[in-house]
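Participant: Got a predicted structure here, sequence first:
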Amino acid sequence: MFAFVRVFRVSLVAALSVIVVVAADVPVVAAVASESHCVVRVVGERPDGELVVTPQVCFATLGEALSYASGGAVTFDADLTGEALLTNEGGVASMASAFTLGVHFDGFNGTGSSISVTGSSCSGGYWNTGTTWANRISSSWNGCYRLRHYDSRYATGAWQDTSGAGSTHNLSTLNNRAESVAYFGS
């Protein structure tokens, strides 16, 4: 029995060594290639304020995602990303805020992958992030004047506000902790 344990331990160490060597050979560029920009549309609101959204539709660039979010009414430069795309220059922020409640990023300063929540009301309804975006948001672009990021689902738990329509804000206390977001007009 002791011989089996020793052989198993040696095999396990050898297997882990192979995994470490293989992982070390994976290029860092692979992380950038997997960036995605998704959109969910609000199609209703439950009595408790939870927003009912469509399944997410994803694109390679934020520009493509926002063009889709506008229903094709607005075309965004596919080469621009994050803050560079969502600035007030040329009225881009006001165009985007006409249909986008908020854009949430997994990197600071509007970088990395994103998910845009589109709708027509900043009345305080909230979106549960689901498993794909739970504990992942690092920054948000405000389409509504104020976004309240909650630590738990169903707009409960600790919260952090970002405010100012058309601006991008980094989360501090709730960085990678938000599981729901509410959208307010004031």
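Facilitator: It's in.

Participant: so where is the protein shaky, pLDDT-wise?
Facilitator: 1-33, 76-98 (pLDDT under 70).

Participant: helices or strands next to whichever strand or helix holds Ala182 in the packing?
Facilitator: In the assignment (DSSP states H and E), Ala182 maps to strand 180-184. Judged by 3 or more Cβ pairs under 8 Å, 6 or more residues apart in numbering; DSSP states H and E, strand 180-184 is in contact with strand 100-105, strand 123-128, strand 146-152. C-beta here means a position set from N, CA and C on the backbone, and glycine is covered the same way.

Participant: just the ones you listed: most buried one?
Facilitator: strand 100-105 (a mean of 26; mean count of other Cβ atoms under 10 Å).

Participant: Now the element after that strand, going C-ward?
Facilitator: Per DSSP H and E, the first helix or strand lying C-terminal to strand 100-105 is strand 114-118.

Participant: So what are the sheet partners of that following strand and their directions?
Facilitator: Applying DSSP bridges, strand 114-118 is found paired with strand 37-45 (parallel), strand 100-105 (antiparallel).

Participant: Take these and lay them out in JSON lines including distance to Thr168.
Facilitator: As requested, the strands paired with strand 114-118 are arranged in JSON lines below (distance: least, Cβ to Cβ, whole Å):
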{"stretch": "strand 37-45", "distance to Thr168": "15"}
{"stretch": "strand 100-105", "distance to Thr168": "8"}
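
Participant: related to what we said a few turns ago, among the helices and strands packed on strand 180-184, which is nearest Glu35?
Facilitator: For these, the distance to Glu35 is smallest for strand 100-105, at 10.2 Å, taking Cβ to Cβ.

Participant: by how many degrees do the closest one and strand 180-184 diverge?
Facilitator: Angle of strand 100-105 versus strand 180-184, following axes from the mean of the first three to the mean of the last three Cα atoms, to 10 degrees, is 140 degrees.

Participant: Quick one: residues in contact with strand 100-105.
Facilitator: 42, 62, 66, 69, 82, 86, 96, 110-119, 122, 127, 129, 133, 137-144, 147, 168, 178, 181, 183 (Cβ atoms under 8 Å, 6 or more residues apart in numbering).
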